[in-house]
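K.L.:
coords below, sequence missing:
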């Protein structure tokens, strides 16, 4: 790998050759042959063929200008634009023409002919090869201005009259077509994977949301709850485009919480690729896992496989050396196979080699094994997720050059305020915030603005104190999560207190109703008591009258007794 330098005592026996960038004639000789073989006059119009060949000069001019304007620095150490970037531009263009029928280099949009569509495709591929390597919005703005000037300089007569049409960012992908399904909803025929332009960003965002829902429906444990805002959809398309290319591997660069691995899983699902599972805890486990995976990919019945590796999962630096070696040569130096194992692999694949190999003159074991290595490289796509905040990031570029030169970059820049608001809107909605819609909208805008404000404070802190503090998307998600937890806690406490107050009011209402009933009963009993008292008083009066009569009679009797006593 890159960290094992050749000793100077050995170097002195070799001649040194410096490979410079090919001239314009050299580029036209290499890529002109490819473009002419693909865009032949028997399949395409003469004007389309002429436009396709003129793209070589335009790409070379664009590369020369951005090389002068965007120079490498310690923070931008990868700002080297070589033949690889030019080759990737035409690889994407040929991807369109090779997967579509003749004379279909055009869009469904009205007012765009084949030549104009080809130029828009070229602009898109230039953005994917050059634009995606840039680390800041300022550098990307410089590139877009350069791309617009080169486009206007080289294709002024072909471009649409409306400048906004060709200056807007056209998005291409290969999953726009829909599969045929029977009435029961089962897929009868898979949709063809045709690389073409999307009709609109809104329709594409809706389609990606459908793909996400389809992915989650097939997952039992790892369900991804993603908010596919505009920037996330663009990053998804970038990863998907890399995985669809032959030997396409991606280097996802972004700070934690940017959604790199989640979007990579979704892109692999969209491209109908399997996710490879390997162990990265130790060097020995990694070699055994990658060995088993290569045996599967070398078999006659194989599937395109995506291997997603995060730098946090890599515990030993030697694993980077193995990845670097595989990307550079297709083999891993420390993955030693015995002659018996090689003979077994060659024997299993020999029949397939005789059917599919482009040249069958050499049927030696060495030739078949080299063809098998290429077959494995074609089937395995490595997606490496790294963070630029790591202090070893620039050191890895020096130690493992194949990782940074072979993989295509997808640089996850800090989320814009619009993206933050969209994410906040989706998360806040999940917490069932009880307020009017206009208040909710103000809340999510405030959350996004708060994160942007803290980022600005961190930049000022860096300028003043020369110390960097990273405010990542994961920090924003934690911020919203903490807000949701606190809101839920206070809302629950408020609901509990509200429930207690309602229960107290209900008890008071019940007591009030009971008191009224008691009062009614008391009033009824009072009426009865009054009536009974009147009766008792009447009886008492009658009794008093009777008593007075009795007293009189007693007096009469006593008189009679006195008279009787006197007579005796």
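P.N.:
Arrived safely, thanks for sending. Remember, predicted model here, so these are calculated numbers, not experimental data.

K.L.:
might one say that residue 207 is in contact with residue 175?
P.N.:
Yes: under the criterion of CB atoms under 8 Å, residue 207 makes contact with residue 175 at 7.5 Å. No exception for glycine: its C-beta is placed from N, CA and C like everyone else's.

K.L.:
so between the two, which is more surrounded?
P.N.:
residue 175 (23 against 19; other CB atoms under 10 Å).

K.L.:
quick one: residues contacting the more buried one.
P.N.:
Residue 175 makes contact with 191, 193, 207, 211, 240, 270, 271, according to CB atoms under 8 Å, 6 or more residues apart in numbering.

K.L.:
quick check on the residue nearest to residue 82 when sequence neighbours are not counted: phi, psi?
P.N.:
Nearest in space to residue 82, with sequence neighbours left out and distances taken as CB to CB, 6 or more residues apart in numbering, is residue 21 at 6.9 Å. Main-chain torsions, residue 21, degrees, to the nearest 10: phi -70, psi 130.

K.L.:
distance to residue 472 added to the contacts of residue 175, as a markdown table?
P.N.:
As requested, the contacts of residue 175 are exported to a markdown table (distance: CB to CB, whole Å):
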| residue | distance to residue 472 |
| --- | --- |
| 191 | 37 |
| 193 | 34 |
| 207 | 29 |
| 211 | 26 |
| 240 | 24 |
| 270 | 26 |
| 271 | 28 |
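
K.L.:
where does the stretch 1-150 of the chain dip in pLDDT?
P.N.:
Applying pLDDT under 70 to the stretch 1-150 of the chain flags residues 1-5, 97-111.

K.L.:
can you check the stretch 351-500 of the chain too?
P.N.:
For the stretch 351-500 of the chain (pLDDT under 70), the answer is 358-361.

K.L.:
run through the neighbouring helices and strands of whichever helix or strand residue 503 is part of.
P.N.:
Assigned by DSSP states H and E, residue 503 falls within helix 473-567. Counting contacts by 3 or more CB pairs under 8 Å, 6 or more residues apart in numbering; DSSP states H and E, helix 473-567 is packed against helix 417-430, helix 437-465.

K.L.:
in the stretch 151-300 of the chain, which spans are strands?
P.N.:
Remark: strands assigned in the stretch 151-300 of the chain by DSSP state E, counting those that start in this stretch are 172-173, 180-181, 187-189, 196-197, 250-253, 274-275.

K.L.:
would you turn those into JSON lines with mean neighbour count, distance to residue 335 and mean pLDDT?
P.N.:
Formatted as JSON lines, the strands of the stretch 151-300 of the chain follow (neighbours: other CB atoms under 10 Å; distance: least, CB to CB, whole Å; pLDDT from 0 to 100):
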{"stretch": "strand 172-173", "mean neighbour count": "22", "distance to residue 335": "35", "mean pLDDT": "89"}
{"stretch": "strand 180-181", "mean neighbour count": "10", "distance to residue 335": "43", "mean pLDDT": "82"}
{"stretch": "strand 187-189", "mean neighbour count": "10", "distance to residue 335": "38", "mean pLDDT": "81"}
{"stretch": "strand 196-197", "mean neighbour count": "20", "distance to residue 335": "39", "mean pLDDT": "84"}
{"stretch": "strand 250-253", "mean neighbour count": "25", "distance to residue 335": "22", "mean pLDDT": "92"}
{"stretch": "strand 274-275", "mean neighbour count": "14", "distance to residue 335": "21", "mean pLDDT": "90"}
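
K.L.:
export the ones you listed as a markdown table, with columns for distance to residue 459.
P.N.:
Compiled in a markdown table, these are given as follows (distance: least, CB to CB, whole Å):
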| stretch | distance to residue 459 |
| --- | --- |
| strand 172-173 | 35 |
| strand 180-181 | 51 |
| strand 187-189 | 50 |
| strand 196-197 | 37 |
| strand 250-253 | 20 |
| strand 274-275 | 37 |
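
K.L.:
which one of those lies nearest to residue 326?
P.N.:
strand 250-253 (14.1 Å; CB to CB).

K.L.:
partner strands of the closest one, parallel or antiparallel?
P.N.:
strand 380-386 (parallel), strand 408-411 (parallel) (DSSP bridges).

K.L.:
of all the ones you listed, which lies closest to residue 519?
P.N.:
strand 380-386 (77.0 Å).

K.L.:
against residue 321, how distant is residue 335?
P.N.:
12 Å (CB to CB, to the nearest Å).

K.L.:
just want to know which of the two has more residues nearby.
P.N.:
Relative neighbour count places residue 321 above the other of residue 335 and residue 321, with 22 against 15, counting by other CB under 10 Å.

K.L.:
wait, doesn't the more buried one sit right on residue 400?
P.N.:
Yes: using CB under 8 Å as the test, residue 321 is close enough to residue 400 to be in contact (6.7 Å).

K.L.:
just checking, residue 122 touches residue 93?
P.N.:
Yes: the pair residue 122 / residue 93 is scored as a contact, 6.3 Å apart, by CB under 8 Å.

K.L.:
what does stretch 65-73 contact?
P.N.:
76, 78-81, 130, 134, 139, 142-143, 146, 149-150.

K.L.:
out of those, name the ones that lie in helices.
P.N.:
Judged by DSSP state H, the subset of the contacts of stretch 65-73 located in helices is 139, 142, 143, 146, 149, 150.

K.L.:
you'd agree the last one is up against residue 64?
P.N.:
By that I understand residue 150. No: using CB under 8 Å, residue 150 is not in contact with residue 64; the gap is 9.7 Å.

K.L.:
who has more neighbours out of the two?
P.N.:
Each of residue 150 and residue 64 had its neighbours counted (other CB under 10 Å), and the higher figure belongs to residue 150 (22 against 14).

K.L.:
excluding its backbone neighbours, what's nearest the more buried one?
P.N.:
Per CB to CB, 6+ apart, closest to residue 150 is residue 62, 4.7 Å.
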